[in-house]
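1. Fold the following.
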Amino acid sequence: MAIKGRNPTANESKHMDNVSQLGCIVCYKKGFRFVPAEIHHTEGKTKEDSHFKVLPLCYEHHRGGRGEEPISRHPWKRRFEKEYGTEKELLELVEELLSAQSQDWIRVWTRAYKTRGYWCY
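-> Numbers count the residues shown, from 1 in each chain. Below is the predicted model of the structure:
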């Protein structure tokens, strides 16, 4: 049986790669840094921009957990959101982390260029 959805564009693929590199967002909230993650589409895979509305979740928090800790998003959405926050709240946290990561890269590159005495415009 084929999974419904459309193939992501290059920009969507890059975004999903960046998101997955954050590690599981639920584990992050619990204090664990970089637990490998798979992508969870919050609005399916057929809507426009659906590949931008994704969460990084480890296997257990995505689809391999139970109805108790760890609670997986599939099939326990209500329990999952009650325990860890709504998908909207988690998406906002993902965007904050991606933005902070981008700012860190800008600072690193700026420092590197200043240190070497040249700039790229």
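
2. buried residues in stretch 23-33?
-> 23, 24, 25, 26, 27, 28 (16 or more other CB atoms under 10 Å). Backbone N, C-alpha and C define where each C-beta goes, glycine included.

3. May I ask which two of those residues are separated the most?
-> 23 and 26 (9.9 Å; CB to CB).

4. shared neighbours of these two, anything?
-> Counting by CB atoms under 8 Å, 6 or more residues apart in numbering, the contacts common to residue 23 and residue 26 are residue 58.

5. follow-up on the earlier one: closest one of the buried residues of stretch 23-33 to residue 52?
-> For those, the nearest to residue 52 is residue 25 (15.1 Å; CB to CB).

6. residues touching the closest one, list them.
-> Per CB under 8 Å, 6+ apart, neighbours of residue 25: 37, 55, 56, 57, 90, 93, 94.

7. try residue 73
-> 40, 55, 57, 61, 62, 63, 80.

8. mind running it again at 6 Å?
-> 40, 62, 80 (CB atoms under 6 Å, 6 or more residues apart in numbering).

9. That one and residue 53, how far apart?
-> 14 Å (CB to CB, to the nearest Å).

10. Repeat that for residue 14.
-> 15 Å.

11. Comparing those two, which residue is more hemmed in?
-> For residue 14 versus residue 53, neighbours defined as other CB atoms under 10 Å are more numerous around residue 53 (17 against 11).

12. how about the contacts of residue 25 in CSV, adding secondary structure, pLDDT and neighbour count?
-> Output for the contacts of residue 25, formatted as CSV (DSSP: H, G, I helix; E, B strand; the rest coil; pLDDT from 0 to 100; neighbours: other CB atoms under 10 Å):
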residue, secondary structure, pLDDT, neighbour count
37, coil, 97, 24
55, strand, 98, 24
56, strand, 97, 28
57, strand, 97, 29
90, helix, 97, 23
93, helix, 94, 16
94, helix, 95, 19
